[in-house]
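In: the sequence isn't on hand, but the structure is:
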Ligand SMILES: O=P(O)(O)OC[C@H]1O[C@H](OP(=O)(O)OP(=O)(O)O)[C@H](O)[C@@H]1O
């Protein structure tokens, strides 16, 4: 339930839906109820072991479950959520979308047995430019609902090559190969990790990060993103 303070803030500075622009009710966050209903959900969390996204990771990393909240397409209305989260300085979108995602996924026991959450890291230069890591903001929302701790400093991205956005399938794999460095293997050895990112397209970023984490030994990996893009 919204606090009195939140109601007052909404009167002074009304928030609007990031998809349709309609004014948000105090109980709504990021998107309005109508846009939420029309969000193109994947429902992968209802079949987290064998869906199209999970199959991207088969035989590449020790994958358990994988799911994204919605299908992502470049200019579709729902892409505004990701665009504003990443490129328009709205980190709280990540937190609220993380909460929304966790509430839906937990109905299907998606988070069972997971020991810790690792947001896919950004390079320091990218983080400096953006001011925050969007995956970490999503992770905080997931933690809020599930109580599973977020571990931000177990793996780092050693450099920023270039964005995956305009690359083809092969170029994406090449672009992120060997980019991550596991700095605290003892913290993940024998654990079930939930890797978080904003979007999964080919899965190359998750595979590269996941492979590095598995060097710790006896690790299981599940994957959660807000969007799944068919490329
Ligand atoms: O599944 P994949 O094919 O690896 O693509 C997904 C990755 O691409 C995007 O990052 P990008 O490198 O474009 O970062 P940017 O948006 O910050 O430039 C996105 O944030 C994921 O990390």
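Out: Okay, I see it. Please read all numbers here as calculations on a predicted model, not as lab measurements.

In: the ligand contacts on this structure?
Out: 86, 120, 163-165, 172, 176, 197-205 (CB under 6 Å from any ligand atom). C-betas here are computed from N, CA, C, even on glycine.

In: those residues in helices, which ones?
Out: Taking DSSP state H as the definition of helices, the residues of the chain next to the ligand contribute 86, 172, 176, 204, 205.

In: can I get the residues you listed in CSV with neighbour count and pLDDT?
Out: Putting those into CSV (neighbours: other CB atoms under 10 Å; pLDDT from 0 to 100) gives the following:
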residue, neighbour count, pLDDT
86, 18, 95
172, 20, 90
176, 21, 90
204, 23, 96
205, 23, 96
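
In: quick revisit: closest to residue 229 among the residues of the chain next to the ligand?
Out: Nearest to residue 229 among those is residue 201, at 4.4 Å by CB to CB.

In: count the residues that sit near that closest one.
Out: For residue 201, the neighbour count with other CB atoms under 10 Å is 20.

In: excluding chain neighbours, what is closest to it?
Out: Using CB to CB, 6 or more residues apart in numbering and skipping residues adjacent in sequence, the residue nearest residue 201 is residue 229, 4.4 Å away.

In: residues touching the one you found, list them.
Out: 71, 72, 73, 74, 199, 200, 201 (CB atoms under 8 Å, 6 or more residues apart in numbering).

In: please name whichever of those scores lowest on pLDDT.
Out: Taken together, these show their lowest pLDDT at residue 74, with 90.
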